[in-house]
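A.B. asks: One predicted model, sequence on top.
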Amino acid sequence: MKRFFQITLRTTDVDAAEDFYAAVLGVASVGAVPLPERAVARGAVPHWMGFLDVGEVEPALAEVHARGGTALGPRWTRPGGLEAAFVRDPGGAILALAKPAPAPDPAAGPEVAFYTLDTQDVEGAKAMYGALFGWSFGAPIEVGEQGTFHPFAFAPGAPEVGVFGDVARRPGIHPHWTYFFAVDALDDAVARVESGGGVSLGVIVLPNGDRICVCDDPQGAAFALYETR
């Protein structure tokens, strides 16, 4: 099953970010790493990077490129054996195509409860992620002023794990993946975000009664919180 198995926070202040997420999520560490200076020089801002298990990196990289994606550098390998290549998918969202290390990475990041891909071409994104990675899609759902969302699962018959959203008519939102972290009490977690110097963009109630809130951490990395009904 081709699914995200790791997320990594790439940031400009590792210590401050670790303290912030420890307070918000109650975790010992999120495994933050420095955002490379060359990326900052190109205009990159702090962000969470999702690592998608594609089995073999080079063939997946070629397939994404053939569909209009862009490689953001060569394939690389960590000492522990993780192989990856950063790419921009055809819709503009960034992720890592990866082959996991033989042993679990202790800095794999916090557990993700929900995933959202904001893209300017929903049907194109569904076609690519479905064809290349075997993902399946459910019936679209309406979420008030937020628009139409397309639920997806990592395989046919598997539980739905997130949605694709259309931002073609929302020029203030650029294509990107957002990773949602589970919290027991959303209002309390949002208060910790704000008291820690982060920004919250308002609580949204989903059709099933779950509640979410998209946030920015103090360094500017976007993330979201998810409270199950």
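C.D. replies: Happy to help now that I have it.

A.B. asks: low-confidence ranges in this structure?
C.D. replies: 106-107, 169-171 (pLDDT under 70).

A.B. asks: and residue 226, that one's in a helix?
C.D. replies: No. According to DSSP: H, G, I helix; E, B strand; the rest coil, residue 226 belongs to no helix; its state is strand.

A.B. asks: That one contacts residue 184, correct?
C.D. replies: No. In this structure, residue 226 is not within contact of residue 184 by Cβ atoms under 8 Å, at 10.6 Å. Any C-beta I mention is one placed from the backbone N, CA and C, and that applies to glycine too.

A.B. asks: who's more crowded, these two?
C.D. replies: residue 226 (19 against 9; other Cβ atoms under 10 Å).

A.B. asks: Report the contact partners of that one.
C.D. replies: 113, 114, 180, 181, 182, 183, 186, 210, 211, 212 (Cβ atoms under 8 Å, 6 or more residues apart in numbering).

A.B. asks: if you set the cut-off to 10 Å instead, what comes out?
C.D. replies: Counting by Cβ atoms under 10 Å, 6 or more residues apart in numbering, residue 226 makes contact with 112-114, 179-183, 186, 189, 206, 210-213.

A.B. asks: So which of those belong to helices?
C.D. replies: In this view, the contacts of residue 226 that belong to helices under DSSP state H are 186, 189.

A.B. asks: for the contacts of residue 226, which one is nearest residue 164?
C.D. replies: residue 114 (12.4 Å; Cβ to Cβ).

A.B. asks: Quick one: neighbours of the closest one, just the number.
C.D. replies: 20.

A.B. asks: cool, and residue 124?
C.D. replies: 15.

A.B. asks: On the three-state scheme, it is what?
C.D. replies: Per three-state DSSP, the local secondary structure of residue 124 is helix.

A.B. asks: That one: what's it in contact with?
C.D. replies: 67, 68, 89, 90, 91.

A.B. asks: What are the phi and psi values at the closest residue in space to residue 173 that isn't next to it in sequence?
C.D. replies: In this structure, residue 173 finds its nearest non-sequential neighbour in residue 167, 4.4 Å apart by Cβ to Cβ, 6 or more residues apart in numbering. Backbone torsions of residue 167, given as degrees, to the nearest 10, read phi -110, psi 20.
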